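Engineer: coordinates for the following, if possible.
(chains A, B and C, ligands or ions: 3)
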Amino acid sequence: MPKDEIANKGGIGASTKRREDLRFLTGKGRYTDDINIRGQLYAHFIRSEVAHGRIISIDASAAEAMPGVAKVFTSADFAQAGSIPCGWQVTDRHGKAMLEPKHPILAEGKVRHVGDPIAVVVAETLDQARDAAEAVVIEIEELPAVMDMKAAVAGGDLVHEELGSNLCFDWGFVEENKAAVEEAFAKAAHVTTLELVNNRLVANPMEPRVAVGDFEEWTGQHTLYTTSQNPHVIRLLMGAFVLSIPEHKLRVVAPDVGGGFGSKIFHYAEEAFVTKAAHILKRPVKWTSTRSEAFVTDAHGRDHVTKIQLALDAQNNFTALRTDTYANMGAYLSTFAPSVPTWLHGTLMAGNYKTPLIYVNVKAVFTNTVPVDAYRGAGRPEATFQLERLVDQAARELGVSPFDLRRQNFIQPDQFPYQTPVAVVYDTGNYQATLDKLVEMADVAGFEARAAESKSRGKLRGFGLAHYIEACGIAPSNLVGQLGARAGLYESASVRVNATGSITVFTGSHSHGQGHETTFAQVVSDMIGIDASQIEIVHGDTSNTPMGMGTYGSRSLAVGGSAMVKATNKIINKAKKIAAHLMEASEADIELKDGVFTVAGTDKSKTWVDVTLAAYVPHNYPLENLEPGLEETAFYDPSNFTYPAGAYGCEVEVDPETGKVEVVAFSAADDFGNVVNPMIVEGQVHGGLAQGIGQALLEHCVYDENGQLLSGSYMDYAMPRADDFPMFQVDHSCATPCTHNPLGVKGCGEAGAIGSPPAVINAVLDALHRGGFTHVTHIDMPASPSRVWAAMQR
Amino acid sequence: MQSFDLVKPSTLAEAVSALAADGAQALSGGQTLIPVMKQRLAAPSVLVSLGGIAEMRGVAAAQGVLRIGAATPHAAVAREAAAHYPALAKLAGGIGDPAVRNRGTIGGSLANNDPSACYPSAALASGATIVTNRRQIAADDFFQGLFTTALQEGEIITEVQFPIPERAAYVKFEQPASRFALTAVFVAKYANGVRVAVTGASNDGVLRWKAAEERLSANFSASALSDLNLSGADMMADLHGSGDYRAHLAKVLTGRAVAAS
Amino acid sequence: MTKVTMTVNGKAVSAETEGRTLLVQFLREGAGLTGTHVGCDTSQCGACTVHVNGQAVKSCTIFAQDVAGAEVRTIEGMAHADGSLNPLQQAFNDCHGLQCGFCTPGMVMASAALLANNPRPTEAEIRHGLEGNICRCTGYHNIVKAVLQASGQTDTQGVAAE
Ligand SMILES: Cc1cc2nc3c(=O)[nH]c(=O)nc-3n(C[C@H](O)[C@H](O)[C@H](O)COP(=O)(O)OP(=O)(O)OC[C@H]3O[C@@H](n4cnc5c(N)ncnc54)[C@H](O)[C@@H]3O)c2cc1C
Ligand code: FES
Ligand code: FES
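Structural biologist: Ligands and ions are numbered 1, 2, ... in the order given. This is a model prediction of the structure:
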């Protein structure tokens, strides 16, 4: 269909403006903190100020007597509750299951990170709760903090004595390749080695977490309103494992959610707390995180320390790759933590290249820090960063162009589907095409002239290239089950056609910025041919949506959208049967186009509304063979991941006197397969780029050796601001549609955050080398002014 | 935040008497005090808002001196000082963000004496006079180390008087997160010599770099500084930069300030 | 408790306050206007930005009693009387200048103040002027576009669809 026509119809491919904007732009969004239930109490958590310690005593008697205080809770009040579960069990190199500590709602016996909750004051007002918290007397015997991962594995103090070790698991992948990889390195013509750190980050969605628990005595119904990316997962984990509440007595609602980026996937102690406290106190209980609290309670991201090596033959072909990574788990295992450095990381180490032999070793380590889990990209940014830094370094060592070295080793367009040596099969891709596109967009040809102009102003200009592959829509369930996932990874949708033809879609996906209310409606509108305004998308409430796994890992359209397509196809099939009956024709002859049913070869027609009305007012209806009504549910379990890929180019200027790096241009050429709403896809890329550039230049979550968080607020954790970026150039025209989902889509939510960090650092190194600072081989992220300046000093 | 009573006098005299109460503290723009109180690091029992006192606001120049009321917000200084003392106006216009500049005041900033704040460097480099309800204090005597000033209990700044220099510039290198000064330098050239104040760097708060002043008084050009160096040992070190880095920045920024003045 | 009255979006609003009641609490809890958000506790994110007597301020860093009697405008008071979006709000919609929407009220209020002071800002002036408002979703690209559009510096059609 020509572009204009698509845009007019508002179907697939149109940059339809978002319908959700209207409420957000007028202050009418309904976020969890906007929910206030009559009679609600407020919870204030008293948290550990030390990283590691033994709780000697807690005396809440004075606090309980203070004005407005309903109760002060400690772990004793949760003796019956289960451990906050981990959703993924990794099996190590020797076939042994990972070590799995108990994760209580409130600390039992020991505190294990700054921010670990010890007690909770619940009072009539938040100020009363905070005032009373100062009267709770807690005695803690401080223990040495376990901070350095390598030292923690070597011995010494234990985060969890009962586990006997700080090593959660020692994972090898693919273990059978190990010997062959060693052999290839022994024979290599050249070996490039890098040691690098993937800096610890804090997701920082702008809406801090909030949880409101409610309990209805006469029905035994619990309700939890929470800032979640996946309310069904929270219901399952919290209901079944922590509080023993059966699903039919537990409703979890995630209303408008102000961003997540992974940090709102996980089940958190505060959710279980307010749910249980509301039950105990028979009154609603609300908790709103402050930003300071978010820094010490929201799961952190990244934090890998890696040594990576590439073997090349005399013709510069990659022959083998091996990595040694220490991955920080923090003090407890957050919901998906073990999957991040393993299955979401090791499986991506082939990147876009034909490297035949790969071995990845990951040691996951407990430390006295906030739990670490998935953050935008989860595992894939870590994989991409190592690999793309390494390839650039190899090119520099060999004196060849980083463009040529990549092109030479790319998986070629005619090699798809491509089986990598790290288990996955890429279905489609064309890496030469995205790189060609990038070279054009970024005007690589004009770079030297721009560099000369920068030099005339005393600045060093550099260009950095990175190519990435990611895996989205993690699946299929039976495979991930074998790999240790304790949940299914399908998605669901119910499509309810109303009597007068409008449609309500209930999806298990969750939108917290992605615009599903708009794009999902575009898809259904396109399939049926009615206006998108006739379609409503409902999400976020377990009481009306089918069991679904929610939104993360760029899975919503590829998995959730596919479920919706399946359900809509069921609707169309049934509607055709009804239409056939109404027009006394054979079902096989019925066609649906633009919301009108016709009989092939005749001028008979029935409108969409004629048919939907017949379904609900079945006066003239084949009741013997067909149920009335028009409502279908589908679950979709993908047969493979999807594999978006792309080429990113970053241009920086470095101030040689201060070390300050400025990103002056950034171009991204992505292959996302088919695109439903280009405007939204581009917005996702912009946001991902900002987070990736933020990781590369600004953001850093830093602890001191005693486990105190040094970057615990926006005073020290550098959040990217508007003036940190140029306008971005983004393109998604090099599309190779996914072959195994009905929409041919791949996912676009994380790409920007995955591909950009190595592009930025490669650009900084290029600038320094051009400026004569050739002794610099690597700068760890964030490449802050002081670090770049320090690197320049000989 | 702990509980307190807020009073809002409309004259300086009322404010002074309200501040005599036990546990009373001045509230100006609140852009420092309120975040500190949220952390429960300050717990006054009475807050005396200075925002309603007309006599404490305004910018006026006469006889080579720019007088700024202590409760004048940064945005007003940025606007109204531009014609008289552009370097000072530029400094004010670079503090925080527009919303902070609409509330935060010069008096609050000087009284707070944050080692990374901007205004103290201007006051020190200009040889300003800090006027209080009790006396006049020379900038050289006013700043006494991190978050410490010559102000006594119950004493409030009412006005700041800046001698207007021949040439001046403020060059700020931002700390990437807070965007306060990671290090910043104010250079002011007067008929009787040059003054250089460095903020964001020293362990003792804002400081005058006397060696640079001597060189620049003799030869007002960046090259005059070429063989001068500050020692990193006395500088702040944190996750945003070492002492050596700050010492290095101070020199680079001083040169840039001379060039920009 | 002290009763405080302000004019919020043209209407007189009163609520009981303590000395420590922040303007943002007065608006969200006292006036029931939950469009103004709280995203931090160090006065940096700007999610709470409103206008007091015509100036953009962070409502999390002002005591309600300190601005008793003031004219306050919040995001709820930005649309036209008939409920339709004003040109700035419309530009955010046209340009996809918001994703999760959490920073959006503050971003719109800060942008409105920016344009009131500087009706035709450059891209750099917009980026600098929005320094006090953090958005984690959009990478700011489309926010900057929206402000450019609202200032009449790009065509109002097809900005997003280009
Ligand atoms: C996001 C953000 C960014 C900022 N960025 C910068 C920056 O880049 N550079 C910079 O320099 N500052 C910065 N600041 C601080 C800002 O300039 C503050 O406004 C200033 O430091 C304090 O002024 P205030 O009027 O807000 O004082 P308040 O917060 O009201 O008071 C501060 C202290 O001074 C006392 N006090 C106030 N007025 C008087 C007086 N007249 N006499 C005696 N004592 C008084 C108070 O009792 C209190 O102890 C920033 C603040 C924020 C929130
Ligand atoms: S809530 Fe973050 S600045 Fe006000
Ligand atoms: S739109 Fe989500 S923070 Fe800006």
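Engineer: per the record, what domains does chain B have?
Structural biologist: Structural domains annotated on chain B: B:5-49, B:54-163, B:167-260, as defined by automatic domain parsing.
Engineer: nearest to ligand 3, out of the ones you listed?
Structural biologist: Nearest to ligand 3 among the domains of chain B is domain B:54-163; the distance by Cβ to the nearest ligand atom comes to 15.9 Å. For every residue, glycine as well, the C-beta is placed using N, CA and C.
Engineer: give me the mean pLDDT for that closest one.
Structural biologist: Taken as a whole, domain B:54-163 carries a mean pLDDT of 98.
Engineer: now do stretch B:13-24
Structural biologist: On average, stretch B:13-24 scores 96.
Engineer: in TSV: the domains of chain B, plus mean neighbour count and distance to ligand 1.
Structural biologist: Below are the domains of chain B laid out as TSV (neighbours: other Cβ atoms under 10 Å in any protein chain shown; distance: least, Cβ to the nearest ligand atom, whole Å):
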stretch	mean neighbour count	distance to ligand 1
domain B:5-49	19	3
domain B:54-163	21	2
domain B:167-260	21	4
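Engineer: with distance to A:Leu236 as added columns, please give these in CSV.
Structural biologist: Shown next, in CSV, are the domains of chain B (distance: least, Cβ to Cβ, whole Å):
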stretch, distance to A:Leu236
domain B:5-49, 37
domain B:54-163, 43
domain B:167-260, 38
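Engineer: closest to A:Gly687 out of those?
Structural biologist: The closest of the domains of chain B to A:Gly687 is domain B:167-260. By Cβ to Cβ, the value is 19.7 Å.
Engineer: can you tell me the closest non-neighbouring residue to the closest residue to ligand 1 within the stretch 151-300 of chain A?
Structural biologist: Closest residue of the stretch 151-300 of chain A to ligand 1, Cβ to the nearest ligand atom: A:Arg291 (12.7 Å). Computed as Cβ to Cβ, 6 or more residues apart in numbering or on different chains, the closest residue to A:Arg291 that is not its neighbour in sequence is C:Cys40, at 4.0 Å.
Engineer: Three-state assignment for the one you found, please.
Structural biologist: Using DSSP: H, G, I helix; E, B strand; the rest coil, the structure places C:Cys40 in coil.
Engineer: tally of neighbours for it?
Structural biologist: 26 (other Cβ atoms under 10 Å in any protein chain shown).
Engineer: A:Ser244 now?
Structural biologist: Neighbours of A:Ser244 (other Cβ under 10 Å): 11.
Engineer: which stretch of helix or strand covers it?
Structural biologist: Using DSSP states H and E, A:Ser244 maps to neither a helix nor a strand.
Engineer: re the thing from before, ok, now how distant is the residue of the stretch 151-300 of chain A closest to ligand 1 from B:Gln31?
Structural biologist: 17 Å (Cβ to Cβ, to the nearest Å).
Engineer: top strand in chain B by residue count?
Structural biologist: strand B:181-190 (DSSP state E).
Engineer: in terms of secondary structure, what does that one contact?
Structural biologist: Helices and strands touching strand B:181-190, as assessed by 3 or more Cβ pairs under 8 Å, 6 or more residues apart in numbering or on different chains; DSSP states H and E, comprise helix B:86-93, helix B:119-126, strand B:167-174, strand B:193-199, helix B:243-260.
Engineer: tell me what the fourth one is packed against?
Structural biologist: On a contact count with 3+ Cβ pairs under 8 Å, 6+ apart, strand B:193-199 meets helix B:119-126, strand B:181-190, strand B:207-208, helix B:210-218, helix B:243-260.
Engineer: contact partners of it?
Structural biologist: B:115-118, B:120-127, B:181, B:183-188, B:205-209, B:212-213, B:216-217, B:220, B:230, B:250, B:254, B:257 (Cβ atoms under 8 Å, 6 or more residues apart in numbering or on different chains).
Engineer: tilt between it and strand B:181-190?
Structural biologist: Relative orientation of strand B:193-199 versus strand B:181-190 (axes from the mean of the first three to the mean of the last three Cα atoms, to 10 degrees): 170 degrees.
Engineer: restrict strand B:193-199 to CA atoms and write it as PDB.
Structural biologist: The C-alpha coordinates for strand B:193-199 follow below in PDB (Å, rounded to 0.1, in the frame of the first residue of the first chain):
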ATOM      1  CA  GLY B 193      44.700  44.500  40.800                       C
ATOM      2  CA  VAL B 194      43.200  41.200  39.800                       C
ATOM      3  CA  ARG B 195      41.300  38.800  42.100                       C
ATOM      4  CA  VAL B 196      40.800  35.100  41.300                       C
ATOM      5  CA  ALA B 197      38.400  32.900  43.300                       C
ATOM      6  CA  VAL B 198      38.100  29.200  42.800                       C
ATOM      7  CA  THR B 199      35.100  27.200  43.900                       C
END
